[in-house]
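**Student:** sequence and predicted structure below; questions after.
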Amino acid sequence: MPRFYESKYPDVDQLVMVQVQSIEEMGAYVKLLEYDGIEGMILLSELSRRRIRSVQKLIREGRNEVVVVMRVDPDKGYIDLSKRRVSAEEVVKCEEQYEKGKTVDSILVQVAKKRNVPAEDLYEKIAWPLHKQYGHSYEAFKLSITEPDAIFGSLNLDSDTLADLRAVIARRLTPKPVKVRADVEVRCFDYAGIEAVRRALKAGEALSTEEVPIKVRLVAPPLYVMTTTSTDKALAIERMEKAVEAIGEKIAEEKGDMTIKMNPKVVSDTDDAELKELMERFEAQNMDVAGDDDESEEDE
């Protein structure tokens, strides 16, 4: 188990991720996952703010928990921890930090295997110095995708290690494009209804940007699907929401209406396949209708 940070022991008041090893009369013995699995204890009185009716409902063996460090005695190896003093917001913050640490560890372990060196050596040469400089080595790794010289220039790494490190980081941390989709029904029964719908849809597409290109396709009147593909999920959803809003405002001006059938969300390949099948089914139905018309004309 790795030590994510240079210090052998955590600081007092620091949030840490632990895994529960056993539950005894005095409390729970745990191992600190970010500190090489060293042992700590959550005293029974520090498990919950409320009266403890069942310890098993509060904490279980094998489960990861976010706790705060109360006392550290390096000489005796004692680390006292508290679960009850941790807020919900702090849990989220610590979980995010831990996930970043796991990602960095995974990258360094892969590089260590390729270079046939101990992962601890790479922590000393790479992760710990970058952690001091950037607040977390994960943030430095992300920046290195576009600014490798600025990030790694001061580390004095050999060319092979640097090449392997950059390759693994690029594979793990380069943002992957996501597809965002929204389904809307747009109607207008006014005299220029078709043109009004077209203008409304164009108002949505007009909010496209280079990062978030928006396209609108007809499924079957009055149902339209809006899609975009972007490496920035949050930005894509935000932009699509504004596009849906623009369509709604424009069609309302044209005395029509819009119904949102699906709010903007990230969709999977399965969702795409289902949409394609739906569109093909409507297309086949339209062809059947056209064929029936031809037959009726011949009968006449």
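**Tutor:** Looks like it came in fine. Since the model is a prediction, treat every value here as computed from it, not as a measurement.

**Student:** in the stretch 51-200 of the chain, what residue spans correspond to helices?
**Tutor:** Using DSSP state H, counting those that start in this stretch, the helices of the stretch 51-200 of the chain run over residues 55-58, 88-115, 119-122, 128-134, 137-144, 148-152, 159-173, 193-205.

**Student:** may I see the buried residues of the third one?
**Tutor:** Read it as helix 119-122. 119, 122 (16 or more other Cβ atoms under 10 Å). (Each C-beta comes from the backbone N, C-alpha and C, glycine too.)

**Student:** and that helix, what other elements does it pack with?
**Tutor:** helix 88-115 (3 or more Cβ pairs under 8 Å, 6 or more residues apart in numbering; DSSP states H and E).

**Student:** so who does the most centrally placed residue in the chain touch?
**Tutor:** Central residue check for the chain by Cα atoms, centre = their mean: the C-alpha nearest the mean position is that of residue 233, 8.5 Å away. Residues near residue 233 by Cβ atoms under 8 Å, 6 or more residues apart in numbering: 178, 180, 266.

**Student:** contacting residues around the residue nearest to residue 251 when sequence neighbours are not counted?
**Tutor:** Distance criterion Cβ to Cβ, 6 or more residues apart in numbering; nearest residue to residue 251, sequence neighbours excluded, is residue 200 at 3.9 Å. By Cβ under 8 Å, 6+ apart, the contact list for residue 200 reads 186, 188, 247, 250, 251, 254, 256, 258.

**Student:** helices - which of the residues you listed land there?
**Tutor:** Counted as lying in helices by DSSP state H, out of these, are 247, 250, 251.

**Student:** could you verify my assumption that the last one touches residue 197?
**Tutor:** In this case it means residue 251. Yes. Residue 251 is within contact range of residue 197, at 6.9 Å (criterion: Cβ atoms under 8 Å).

**Student:** which neighbours do these two share?
**Tutor:** What both residue 251 and residue 197 touch, as defined by Cβ under 8 Å, 6+ apart, is the set 186, 187, 188.

**Student:** circling back to that earlier point, distance-wise, check the residue nearest to residue 251 relative to residue 213.
**Tutor:** Distance from residue 200 to residue 213, counting by Cβ to Cβ, to the nearest Å: 19 Å.

**Student:** what of residue 91?
**Tutor:** 38 Å.

**Student:** do the same with residue 178
**Tutor:** For residue 178 relative to residue 213 (Cβ to Cβ), the value is 13 Å.

**Student:** same question, residue 39
**Tutor:** From residue 39 to residue 213 the distance is 53 Å (Cβ to Cβ).

**Student:** again, but for residue 117
**Tutor:** Residue 117 is 44 Å from residue 213, by Cβ to Cβ.

**Student:** and residue 204, how many neighbours?
**Tutor:** 28 (other Cβ atoms under 10 Å).

**Student:** list the contacts for it?
**Tutor:** 214, 216, 226, 243, 244, 246, 247, 250.

**Student:** which among these count as buried?
**Tutor:** For the contacts of residue 204, buried by 16+ other Cβ under 10 Å: 214, 216, 226, 243, 244, 246, 247, 250.

**Student:** buried residues in stretch 152-161?
**Tutor:** For stretch 152-161, using 16+ other Cβ under 10 Å, the buried residues are 152, 157, 161.

**Student:** what about the first one, distance to residue 103?
**Tutor:** Think residue 152. Taking Cβ to Cβ as the measure, residue 152 falls 17 Å from residue 103.

**Student:** what about residue 210, is that helix, strand or coil?
**Tutor:** Judged by DSSP: H, G, I helix; E, B strand; the rest coil, the three-state class of residue 210 is coil.

**Student:** scan the contacts of residue 233 and report the most crowded one.
**Tutor:** Top of those by neighbour count (other Cβ under 10 Å): residue 180, with 23 neighbours.
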